[in-house]
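> Dropping the sequence and predicted coords here.
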Amino acid sequence: MLVIKDLHAKINDKEILKGINLEVKAGEIHAIMGPNGSGKSTLASVLTGRELVEVTHGSVTFNGNDLLEMAPEIRAHEGIFLSFQYPVEIPGVSMVNFMKAAVNEHRKYRGLEPLSASDFLKMMREHKELVGIDSALTNRSVNEGFSGGEKKKNEIFQMAMLDPKLAILDETDSGLDIDALRVVANGVNKLKRPDNAVIVITHYQRLLDYIVPDYVHILYNGRIVKSAGKELALELEEKGYDWIKNGDNA
Amino acid sequence: MFSIGVNYLSMADKTSTLSVRDEFVNLYLNNLDLITEESSELMNHYREEAIQYFRLLGIPSVKNEKYKYSKIEPLFGYDYEKYFAPKKILFNIDDIFRCDIPELDTHLALVLNGFYLPNRANKITELPNGIIMGSLAEASRLYPNMFKGRYNTLAENTTDGLVAMNTAFAQDGVFIYVPRNVVEAKPIQIINLLMSDENQLVQYRNLIVVEDGAQAKVLVCDHTLSPKRFLSNVVTEIFVGRNASLEFVKMQNEHNDSAQITHTYVNQQRDSHLVTNTLTLHGGFIRNNLFVTLSGEGADAQLYGLYLTDRTQHTDNFTYIDHAVPNCTSNELYKGILDDQATGAFNGKILVRRDAQKTQAYQSNNSLLLTADARMNTKPQLEIYADDVKCSHGATVGQLNNEALFYMRARGIGEREAKLLLMFGFVHEVIKKISIDTLRERIDDMVNRRLHGELSRCHNCLMHC
């Protein structure tokens, strides 16, 4: 599904990614862990097409197509979804109008007619239950005045509405208490199918107790320095990032 | 579109013969019989003094601090026809114009080029609940007691030449009277139509009285129905009685060769409520002066404004809230989007007088500039002489939020659509203050179409500008 080859990228002339190789197949859950500043969020930015990151070398293909050539909205239409580390507040734009625009643009891309107002509201209702998001929240402006937990739940709600092929969860666990964490993780697990994939970007092992990965990769200083099964996360939790930094992990 | 260069050229042509000031004084003197004949004794009473003030003050120049950001003089550089009697209309106005806000049921007053259009030959309509609406000139003859002590008591002829000019020339307009304790849910709608085969200057006058305990909603819509150049100079005086409430919505929707200068004066008595919504959807040049005097304790004024401008359009909102007595509240929110080379200004003055303790006054003005050429001048001006007050003001001029834009694109919303959603979200904060549901929905729709680059004309407008 996703193939990253020798990816180098920089922000403001500072090289952040220094040769990433990664392959994600349908049905898999990958966790990318690493200390602060290792390049985790930059990788998410490259995959979703954020302009401030410049790819200097390497390739990324998604279902065989060159991902880097696509505008952010096309990547979304092709099935990439990013759960933002810091969801953006958009005053004046209601959740309903925002989601209606997003869902209908996805449909248009697939040659489908826009949903009728009643079908759309029905769809909203059904998916709200997944993360137990309050109706009062969907009547408000996008993320405006939402608590940290509500914002993250809202991300997973949007993920459910858009039904992506590849979901990238960027530090979705940050700022969540244990109850919200469980709700968010449950939502992700319910959406998991053999034909889609998830990349979980996280600093801590905590979230991986709930979203169990098939593979764990450790990103350090712009490279993946270690890949293994889910047990790697536990090992990392036990030994700490110094274990990686000191290079005695070989 | 405006062509400033051409304006100056024709100005130069004129000043070589007569100044604009002398030209209008002469126009007044030469047509005095006509002007007074079509009007009433009560209105004529103020003309002589007004023309003297006009002679003194002239057309405000940009050296006048109040008009710093709006060049008024070039607007008078064109040749305009001026009529001192309503022109005979040879068509049925219903064939030309029909307001098309679905399900919006209103009491309608039509004004053509500044003169009230009689409703089935009636210049005045009296509603069963006692509301009087109709021609200002006719009302001043029929109801002198409602006029005296009101007409021309708020308008500031002594400080603004344009107001004095209006007082000297205005012959008609709309009169609305809502008697004591009458609550009218159905909006009263004034539609100002401009239609002429020649360039035209129109100066008319409105007087609105909402008596103690009464409640009313007034909607004013301005339309140009022919492509000629129009210049409107309009004075409106509004009295809101004790415990009365008025919602005043003004929708400006004119073509790019039109210019409109409005002077609206509101006086509020004790515990009265005022909501104004000034919506500039389209227009070549617009200057709105809005003066609100809170003269009774407990009065509350909410002033909202929206401006959407592109090409070389210019919109300037000047507001002045006078907190004359204690315990009053005011809140002001003006928002707008400027595209292309559009220019705009907001000048919001709040005066809190020495005795006006416990005043609460808030003001904010936010503008989005879509291009590097668009320009916005914003000037909050708080003058506070009382010491126990809560006042704040804020102004922002900025671009669309890139983070929000990326967030929306990452959800699959294309860049253009995402920008439109953001812009709509930005201005909706003002639109949502309109309490008339059908009107609000309609304006949402018109603003949406305007942002999509279509002229936000009403469905039945025949203009293809």
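On my side now, so go ahead. Just so it is clear, the model here is predicted, and its values are computed rather than measured.

> Convert the helix or strand containing B:Thr262 to PDB, retaining C-alpha atoms only.
Secondary structure assigned from DSSP states H and E places B:Thr262 in strand B:258-268. Backbone C-alpha positions of strand B:258-268 (Å, rounded to 0.1, in the frame of the first residue of the first chain) are rendered in PDB as follows:
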ATOM      1  CA  SER B 258     -22.800  53.700  -7.900                       C
ATOM      2  CA  ALA B 259     -21.700  55.700  -4.900                       C
ATOM      3  CA  GLN B 260     -23.600  55.900  -1.700                       C
ATOM      4  CA  ILE B 261     -23.100  58.100   1.300                       C
ATOM      5  CA  THR B 262     -25.400  57.400   4.300                       C
ATOM      6  CA  HIS B 263     -25.800  59.300   7.500                       C
ATOM      7  CA  THR B 264     -27.900  57.400  10.100                       C
ATOM      8  CA  TYR B 265     -28.600  59.000  13.400                       C
ATOM      9  CA  VAL B 266     -30.200  57.000  16.300                       C
ATOM     10  CA  ASN B 267     -31.400  58.300  19.600                       C
ATOM     11  CA  GLN B 268     -32.100  55.700  22.300                       C
END
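
> for the record, mean pLDDT for whichever helix or strand comes after that strand?
Using DSSP H and E, the helix or strand that follows strand B:258-268 in sequence is strand B:273-282. Per-residue pLDDT over strand B:273-282 has a mean of 96.

> next one: stretch A:141-154
On average, stretch A:141-154 scores 92.

> and it, how far apart are its ends?
12 Å (Cα to Cα, to the nearest Å).

> That stretch near chain B at all?
Yes. Contact of stretch A:141-154 with chain B (Cβ under 8 Å from any Cβ of the partner chain) involves A:Ser141. Quick note: C-beta positions are derived from backbone N, CA and C, even for glycine.

> Show me what the strand holding B:Thr262 pairs with in its sheet, parallel or antiparallel.
Paired strands of strand B:258-268, with direction, are strand B:230-240 (parallel), strand B:285-294 (parallel) (DSSP bridges).

> Next one, pLDDT for the residue nearest the centre of chain A please.
Residue closest to the average C-alpha location in chain A (Cα atoms, centre = their mean): A:Ile168, at 1.9 Å. Listed pLDDT for A:Ile168 reads 97.

> ok, now B:Val6?
We have a pLDDT of 33 for B:Val6.

> what's the answer for A:Gly37, then?
pLDDT, A:Gly37: 88.

> likewise B:Asp445?
86.

> Please apply the same query to B:Asp105.
B:Asp105 is assigned a pLDDT of 87 by the prediction.

> The residue lying closest to it once chain neighbours are set aside and B:Glu254: what is the separation?
Spatial nearest neighbour of B:Asp105, excluding adjacent residues (Cβ to Cβ, 6 or more residues apart in numbering or on different chains): B:Lys186 at 6.0 Å. Using Cβ to Cβ, to the nearest Å, one obtains 26 Å as the distance from B:Lys186 to B:Glu254.

> out of the two, which sits in the busier spot?
The neighbour count for B:Lys186 versus B:Glu254, taken as other Cβ atoms under 10 Å in any protein chain shown, is higher for B:Glu254 (25 against 14).

> Tell me the spacing between A:Lys245 and chain B.
32 Å (Cβ to the nearest Cβ, to the nearest Å).

> Is whatever residue of chain A ends up closest to chain B in a helix, a strand, or coil?
Using Cβ to the nearest Cβ, A:Gly92 is the residue of chain A that sits closest to chain B, at 2.8 Å. Classification of A:Gly92 by DSSP: H, G, I helix; E, B strand; the rest coil places it in strand.

> what bridges to the residue nearest the centre of chain B?
The residue lying closest to the centre of chain B (Cα atoms, centre = their mean) is B:Thr262, at 4.6 Å. Beta bridges link B:Thr262 to B:Val234, B:Asn288 when assigned by DSSP bridges.

> close enough to count as contact, it and B:Phe248?
No. B:Thr262 lies out of contact with B:Phe248 (Cβ atoms under 8 Å); the separation is 11.7 Å.

> Give me the spatial nearest neighbour of the residue of chain A closest to chain B, chain neighbours excluded.
B:Gly425 (2.8 Å).

> Contact partners for the one you found?
A:90-93, A:141 (Cβ atoms under 8 Å, 6 or more residues apart in numbering or on different chains).

> Quick check: phi and psi at it.
The phi/psi pair for B:Gly425 (degrees, to the nearest 10) reads phi -60, psi -40.

> number of nearby residues for A:Thr48?
21.

> can you list the residues of chain A near chain B?
Counting by Cβ under 8 Å from any Cβ, the residues of chain A near chain B are A:48-51, A:71-73, A:75-77, A:81-82, A:84, A:87-93, A:97-98, A:101-102, A:105-106, A:109, A:141, A:158, A:162.

> Now go through these and say which are in strands.
Among the residues of chain A next to chain B, the residues falling in strands (DSSP state E) are A:81-82, A:90-93, A:141.

> Between those residues, which sits nearest B:Asn30?
The closest of those to B:Asn30 turns out to be A:Gly92 (Cβ to Cβ; 53.4 Å).

> can you pull the buried residues of stretch A:115-134?
Under the neighbour-count criterion of 16 or more other Cβ atoms under 10 Å in any protein chain shown, stretch A:115-134 has A:120, A:123-124, A:127-128, A:130-131, A:133 buried.
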